[in-house]
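Participant: Sharing a model prediction with you, sequence too.
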Amino acid sequence: MAHDDDILALKKQPGEFFDWTTFLMAVLIIAMGLISIYSATYDSGMSHYFFKQLIYTGVGLGIMFVCIILPERWLNDYALVLYIFTLLLLITVLIFGRTVYGTKGWFQVGGLSLQPSEFAKLSSLNLIATHLSRKGTDIKTFRDLGLVLVIIILPLSLISLEPDIGTATVLIAMLVGILFWTGFDILLLFFISSIPIVILLSLISPVHFVTAVSVYSIIAALLRKKLLLTFATIIIIVAVGYTSPMIVNHLMPHQRNRIDTFLNPDKDPLGKGYNVIQSKLAVGSGGLTGKGYLQGTQTQLRYIPKQWTDFIFCVPSEEFGFVGGVLVIGLLTGIILKSGKIAFETENKFFSLLSFGIATVFFYHTMINIGMVLGLMPVMGIPLPFMSYGGTALIVNCAFIGLLMNAFRTQRIRNLKK
């Protein structure tokens, strides 16, 4: 009956329930991605990537509109089924999947590829939001926290076996975002988020390590939590940072090389550090307004291998300059902020959790990917949302946009009924 009322309300004032802002931002950033992929593959015998992305775009937009109108009860009722199906895909791909650059994470279907790890973001987030929105659940209880951790750990473990460390870290970031939004202890979240930063700074120099520990200690003290708990987290942070250089020294040579390349890409300018050096040159050479479409030196002369994937941000930055780079960042920031706004404004707990989880995923992807291109973050295979070539990622991102618009529509209908 309630669903019939929703349909009646939509028929009366359909435009009022459509989130045009989110939709237009998504369409614009997808268009920016398509013209960037076209430029990166232009006149190089790689134009089939552009046409494949066009197909993925059509599929993604179709799924977006389906997700806009999906009833909440369907999302809840089939959450576990979707999650189990994703786990089965992740297990199957480990056995029969195609290996690309050392990662066994793709199914080949004709000329198209399918990456199950992308679906893990959607299915895991949907199941967590479904569980935590039920009456009587509390993330601060051992039972509910444990269940949420299991929901994340199962796909995380399978994805790590591929190994696809980039996507695995996205699941961790999504978990942190959800825990924050549900009111989990802020000190523990700050502690978890600080560990990778302290490890990184400890590898740079002892001075950076001491600075990181000092800043952490001050902020932890200002949070005014239990003294014993605060002191314990500081001790762990010190221990982790102090032992990190020793652990790195005992890694395999190729593993140490990856870390060394991130910390100092100029050390191997023609090898592991090549992409990062060339990407920084591409971004920096664009100037204010760029060199012109299809005129980018780094792009057209193929200085950056497979630029249409993780290093796609170089293309608009070089060809449209600072203006192009800011436009891309502005559109992605707009989508992230709108996701957070929807999460804050909706009175539906399920859609609130879902929206904030989506905001976290988009924020993490954007921050890490652009950080990679600028040499500020390690290169770990995290695509730029809506822009990097990749069909499964684009389809999942379009589904996320559809769910955001669904949350917007649901709240507008609720407001109308008041």
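Facilitator: Arrived safely, thanks for sending. Residues are numbered from 1 along each chain as shown.
Participant: Helix, strand or coil: sort out residue 108 for me.
Facilitator: Classification of residue 108 using DSSP: H, G, I helix; E, B strand; the rest coil returns strand.
Participant: for it, what are its contacts?
Facilitator: By CB atoms under 8 Å, 6 or more residues apart in numbering, residue 108 lies in contact with residue 98. Bear in mind the C-beta positions are built from the backbone N, C-alpha and C, glycine included.
Participant: partners of it in the sheet?
Facilitator: Beta-bridge partners recorded for residue 108 (DSSP bridges): residue 113.
Participant: Now the strand or helix carrying residue 64: average pLDDT?
Facilitator: Remark: residue 64 resides in helix 48-69, with elements defined by DSSP states H and E. Averaging pLDDT along helix 48-69 gives 95.
Participant: In terms of secondary structure, what does it contact?
Facilitator: Under the contact criterion of 3 or more CB pairs under 8 Å, 6 or more residues apart in numbering; DSSP states H and E, helix 48-69 touches helix 20-41, strand 112-114, helix 391-417.
Participant: Give the buried residues for the first one.
Facilitator: When you say that, I think you mean helix 20-41. Within helix 20-41, the residues that count as buried by 16 or more other CB atoms under 10 Å are 22-23, 25-30, 32-41.
Participant: ditto for the shortest one
Facilitator: Residues 113-114 are the ones in strand 112-114 that count as buried (16+ other CB under 10 Å).
Participant: which strands and helices sit next to it?
Facilitator: Packing partners of strand 112-114 (3+ CB pairs under 8 Å, 6+ apart): helix 48-69, strand 103-109, helix 391-417.
Participant: what's the answer for the last one, then?
Facilitator: Packed against helix 391-417 by the contact rule (3+ CB pairs under 8 Å, 6+ apart) you find helix 2-12, helix 20-41, helix 48-69, helix 72-77, strand 112-114, helix 116-132, helix 321-345, helix 349-373.
Participant: how big is the angle separating that helix from helix 349-373?
Facilitator: Computed by axes from the mean of the first three to the mean of the last three CA atoms, to 10 degrees, the angle separating helix 391-417 from helix 349-373 equals 140 degrees.
Participant: Tell me where the stretch 251-400 of the chain is predicted with low confidence.
Facilitator: Filtered on pLDDT under 70, the stretch 251-400 of the chain yields the residue ranges 251-252, 254-274, 300-302.
Participant: ok so, going back, can you check which of the helices and strands packed on helix 48-69 gets nearest to residue 120?
Facilitator: Closest to residue 120 of the helices and strands packed on helix 48-69 is helix 391-417 (CB to CB; 9.3 Å).
Participant: Counting neighbours, show which residues of the closest one come out buried.
Facilitator: 391-413.
Participant: And for stretch 97-104?
Facilitator: Of the residues in stretch 97-104, 97, 103-104 count as buried by neighbour count, 16+ other CB under 10 Å.
Participant: now the residues you listed in a markdown table, with distance to residue 207 and pLDDT?
Facilitator: Output for the buried residues of stretch 97-104, formatted as a markdown table (distance: CB to CB, whole Å; pLDDT from 0 to 100):
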| residue | distance to residue 207 | pLDDT |
| --- | --- | --- |
| 97 | 44 | 88 |
| 103 | 36 | 78 |
| 104 | 41 | 86 |
